[in-house]
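Trainee: Fold the following.
(chains A and B)
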Number of protein chains: 2
Amino acid sequence: MREIGLEQLLALSTGATLLGTGGGGDPYVGRLMAEAAIRRLGPIRLIDVTELPQTGLVIPAAMMGAPTVMVEKIPNGSEVRKAVEQLERVLGQKAIAIMTIEAGGINSMIPLAVEAELDLPILDADSMGRAFPELQMTSFHVHGISSTPMVVVDEKGNSLLLNTIDNKWTEKLSRTATVVMGGASIIALYPMTTDQARRASIPGTMSQALELGALLRDHALPTAEKLSRLLEKVRGHVIFHGKVVDVVRRSTDAFVRGTATFAGMADDEGRTLRLEFQNENLVAMINGEPVVTVPDLICVLDQETLIPITTETLTYGQRAVAVTLPCADVWRTPKGVETVGPRYFGYDFDPRSLTPEARS
Amino acid sequence: MREIGLEQLLALSTGATLLGTGGGGDPYVGRLMAEAAIRRLGPIRLIDVTELPQTGLVIPAAMMGAPTVMVEKIPNGSEVRKAVEQLERVLGQKAIAIMTIEAGGINSMIPLAVEAELDLPILDADSMGRAFPELQMTSFHVHGISSTPMVVVDEKGNSLLLNTIDNKWTEKLSRTATVVMGGASIIALYPMTTDQARRASIPGTMSQALELGALLRDHALPTAEKLSRLLEKVRGHVIFHGKVVDVVRRSTDAFVRGTATFAGMADDEGRTLRLEFQNENLVAMINGEPVVTVPDLICVLDQETLIPITTETLTYGQRAVAVTLPCADVWRTPKGVETVGPRYFGYDFDPRSLTPEARS
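Mentor: Residues are numbered from 1 along each chain as shown, chains lettered A, B, ... in the order given. I've put the predicted structure just below:
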């Protein structure tokens, strides 16, 4: 067990932005929520999957919606609590731990506010090891766990309880409800036993976000040294050094889709990087050739500070370094590739990777 | 109490088509459902609101969706039963009667199949006295009754439980869910006490549909005589005699919208009737001037047989008589007009009526 206090929040949110691979929503908003909760109720307990009791109910909670909208609609902890409590009532059982479905982006922070509100520990794990745009893109799904019963609530007081025949139907029905609710909602889903949480989650991702964020925020380190330590820690690789020359971003009701083009600098002079994203960065192409794709992580860092840049905040002229981190092992399995590989997103090629080994 | 057997179904469905005012879905499909149920389980009991016990739970059940889709997706009684039973579980109480929210169109038939399945009587009442396209367009809404908790199920096995802050949110959230579910769903909503059902429903509408349908199906009567008896019975009026010269119908995901134009015949020679509809006929304009609008009923009958023609089946060349029936009194109240008057549908005028008195 470790505690997360105010002084860890900046590091956690920076690490979460990195794992957010451009999407997942800027954790800044989530950080404000968590800050308020910690100020009121004290530090948050982060427990390891091995510390879970033999039996009990674990409930993942998250925010759903297009990142553009999510950052405009700050939920308060009470909505998240409501979603979790409604799911507890449906199941006739109290949760013994809360977890996030994605350690990347704002959703790393959402459970923190509930923890404080409900006095429940947060599990040091998630179901993506990064951020992904759809609800069935979880290690829980790969392990055959149902996403329902699921509760969807909005800030106005509307709520939905879903029971579906499969996790793609959950995605479809909750996505459209979220759009109607104004583009963002709070969800509690994939309720599971502690045993399922141990088997089906990706362990250690919250503390990894914390650790990576602390490294990126370490202003004492020279940039080059910081970058090489980061890549060493996660077995990552530099994809490209370049300058943003074009960003096309289309916020549809449900997702942010688009592309960012980088003109190469230094060793990459004369080459072009094109990133395609759906909330998260999906594919990195150099001179038209895909070099890294989902499920691996594609992250854009500010060249000077190495602070991660989300697809929301990409702008013309930014100088950046694009790096890749290997995905969690679960995404290398056939069902993993089927669930989040490039073909699922409409590309006609198999996953490409510069980092075939597992992350740290 | 009266019984509805196989021999009453044709009359009931014809009367329901009339009250459907062009929309509500062709009751033919519902009739097949009810027929199957009656064949298996015997006749259906229709009880008057005055026969309701002092206390108890009444559950309205219906089909939701664009009529075009509804008639393609025949539900089986078991889906309707599932929706009702899920709502019973949420409320921790068994229903003592089922009712329809709209006596017009296919929804007059949906509860019949459940009645047989659940062995519950059907209430001889509804909440529209006709058909309307949206869920908050009910006398229940005018009386301040909440449409939630509401259950939405599809034929695949997905289900949703909604709790909303008001009935328009219910409409929005269940409508989009219905679209995602394939364009049609089965719903159980507006659960209420027998006391609320007595106060807030429109009584006698099922038996009225039966009676009017029997009259329209009486082949022994000459057409002119049949028409005058119909209009006398319901205090109705002829709007127009004409021939369909143009139909524009647009099936969006959620609704069928369009217009039908009739060239006048006989006394209406030289004049033009234009009907505008959203599932149901909303406005009748003669030579560009609105003469009848919602909430009054606008019905198109085949000139020879007087069998009602739905907006779905309107085709070029049909010779028809357009008639109007007065709406239920509840729709003449300020909240009634606000809920279903022409302004709600985007028209810039107040209701027009040829029949300001109440129906029979």
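Trainee: mind giving me the domain split of chain A?
Mentor: As assigned by automatic domain parsing, chain A contains the domains A:2-205, A:222-340.
Trainee: would a markdown table of these with mean neighbour count, mean pLDDT and distance to chain B be doable?
Mentor: From N, CA and C alone the C-beta is placed, and that goes for glycine too. Below are the domains of chain A laid out as a markdown table (neighbours: other C-beta atoms under 10 Å in any protein chain shown; pLDDT from 0 to 100; distance: least, C-beta to the nearest C-beta, whole Å):
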| stretch | mean neighbour count | mean pLDDT | distance to chain B |
| --- | --- | --- | --- |
| domain A:2-205 | 22 | 91 | 4 |
| domain A:222-340 | 19 | 95 | 10 |
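Trainee: Can you say which of the ones you listed is nearest to B:I309?
Mentor: Minimum separation from B:I309 across the domains of chain A (C-beta to C-beta) falls at domain A:2-205, 33.5 Å.
Trainee: So for the closest one, first residue to last residue, what's the gap.
Mentor: Start-to-end span of domain A:2-205 (C-alpha to C-alpha, to the nearest Å) is 14 Å.
Trainee: same check, this time on stretch A:152-171
Mentor: From its first residue to its last, stretch A:152-171 covers 11 Å (C-alpha to C-alpha).
Trainee: ok now stretch A:44-57, how far from the chain's centre?
Mentor: 21 Å (C-alpha atoms, centre = their mean, to the nearest Å).
Trainee: got the end-to-end distance for that stretch?
Mentor: For stretch A:44-57, the first-to-last residue distance is 19 Å (C-alpha to C-alpha).
Trainee: got a list of contacts for that stretch?
Mentor: The contact list for stretch A:44-57 (C-beta atoms under 8 Å, 6 or more residues apart in numbering or on different chains) reads A:1-5, A:34, A:37-38, A:58, A:88, A:91, A:93-97, A:112, A:115-116, A:121-125, A:191-195, A:197-198, A:201, A:203-204, A:206-207.
Trainee: how about a cut-off of 7 Å?
Mentor: Applying C-beta atoms under 7 Å, 6 or more residues apart in numbering or on different chains, the contact partners of stretch A:44-57 are A:1-4, A:38, A:91, A:93-97, A:112, A:115-116, A:121-125, A:191, A:193-194, A:197-198, A:201, A:203, A:206-207.
Trainee: same deal with stretch A:229-238?
Mentor: The contact list for stretch A:229-238, computed with C-beta under 7 Å, 6+ apart, reads A:212, A:215-216, A:321, A:323-326, A:354-355, A:357, A:359-360.
Trainee: run the last query once more with 10 Å
Mentor: Contact with stretch A:229-238 is made by A:18-19, A:208, A:211-212, A:215-216, A:218, A:221, A:227-228, A:267-268, A:291-292, A:296-297, A:299, A:301, A:306, A:321-326, A:353-360, as judged by C-beta atoms under 10 Å, 6 or more residues apart in numbering or on different chains.
Trainee: so of those, which ones are in strands?
Mentor: Members of these lying in strands (criterion: DSSP state E): A:V291, A:V292, A:L297, A:C299, A:L301, A:V321, A:A322, A:V323, A:T324, A:L325.
Trainee: can you give me the helices for the stretch 101-250 of chain A?
Mentor: All helices of the stretch 101-250 of chain A, identified by DSSP state H, counting those that start in this stretch, fall at A:110-118, A:139-142, A:167-180, A:194-200, A:205-216, A:223-234.
Trainee: now the longest one against helix B:167-180, angle please.
Mentor: It refers to helix A:167-180. Calculated by axes from the mean of the first three to the mean of the last three C-alpha atoms, to 10 degrees, helix A:167-180 forms an angle of 140 degrees with helix B:167-180.
Trainee: Would you pull up how far helix A:167-180 lies from the middle of the chain?
Mentor: Its chain's C-alpha centre and that of helix A:167-180 lie 18 Å apart, by C-alpha atoms, centre = their mean.
Trainee: And A:T252, how far from A:V69?
Mentor: Noted for A:T252: a distance of 11 Å to A:V69, by C-beta to C-beta, to the nearest Å.
Trainee: what's the overlap in contacts for these two?
Mentor: Common neighbours of A:T252 and A:V69 (C-beta under 10 Å, 6+ apart) are A:V179.
Trainee: Quick one, grab the pLDDT at the closest residue to A:L10 other than its chain neighbours.
Mentor: Nearest residue to A:L10, sequence neighbours excluded (C-beta to C-beta, 6 or more residues apart in numbering or on different chains): A:R217, at 6.2 Å. On the pLDDT scale, A:R217 is placed at 95.
Trainee: Number of residues surrounding A:R217?
Mentor: The number of residues packed near A:R217 is 17, by other C-beta atoms under 10 Å in any protein chain shown.
Trainee: would you list the domains of chain A in a markdown table and tack on distance to B:I106?
Mentor: What follows is these, written out as a markdown table (distance: least, C-beta to C-beta, whole Å):
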| stretch | distance to B:I106 |
| --- | --- |
| domain A:2-205 | 24 |
| domain A:222-340 | 30 |
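Trainee: Of those domains, which is nearest B:T164?
Mentor: Nearest of those (C-beta to C-beta): domain A:2-205, 4.7 Å.
Trainee: with the ones in strands among the contacts of stretch A:229-238 in mind, which one is nearest to A:D246?
Mentor: Out of the ones in strands among the contacts of stretch A:229-238, the member with the shortest distance to A:D246 (by C-beta to C-beta) is A:A322, at 14.8 Å.
Trainee: ok, now how distant is that closest one from A:T21?
Mentor: Distance from A:A322 to A:T21, counting by C-beta to C-beta: 11 Å.
Trainee: Pull up the overlap in contacts between these two.
Mentor: Shared contacts of A:A322 and A:T21 (C-beta under 10 Å, 6+ apart): A:L275, A:N281, A:I298, A:C299, A:V300.
Trainee: Farthest-apart pair in those, please.
Mentor: So, the shared contacts of A:A322 and A:T21 by C-beta to C-beta: farthest apart are A:L275 and A:C299, at 10.2 Å.
Trainee: can you list residues touching both of the two?
Mentor: A:T21, A:G22, A:I239, A:N281, A:A322.
Trainee: Who are the contact partners of A:S201?
Mentor: Residues near A:S201 by C-beta under 10 Å, 6+ apart: A:49, A:52, A:58, A:60, A:99-101, A:123-129, A:138-140, A:143, A:145, A:190, A:192, A:328, A:330.
Trainee: same deal with A:L210?
Mentor: A:L210 neighbours (C-beta under 10 Å, 6+ apart): A:2, A:4, A:8-9, A:11-16, A:46, A:103, A:108, A:124.
Trainee: export the longest strand along chain A as CSV, just CAs?
Mentor: The residue-count maximum for a strand in chain A (DSSP E) belongs to strand A:237-251. C-alpha atoms of strand A:237-251 as CSV (Å, rounded to 0.1, in the frame of the first residue of the first chain):
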residue,chain,number,x,y,z
HIS,A,237,12.2,4.0,-28.6
VAL,A,238,12.4,7.4,-30.2
ILE,A,239,10.2,7.4,-33.4
PHE,A,240,10.9,10.9,-34.7
HIS,A,241,12.2,14.4,-34.0
GLY,A,242,10.2,17.0,-35.8
LYS,A,243,8.1,20.1,-35.9
VAL,A,244,4.3,20.2,-36.2
VAL,A,245,3.4,21.5,-39.7
ASP,A,246,-0.2,20.5,-39.9
VAL,A,247,-3.0,19.4,-37.6
VAL,A,248,-6.4,18.3,-38.8
ARG,A,249,-8.8,17.6,-35.9
ARG,A,250,-12.4,16.8,-36.2
SER,A,251,-14.5,16.6,-33.0
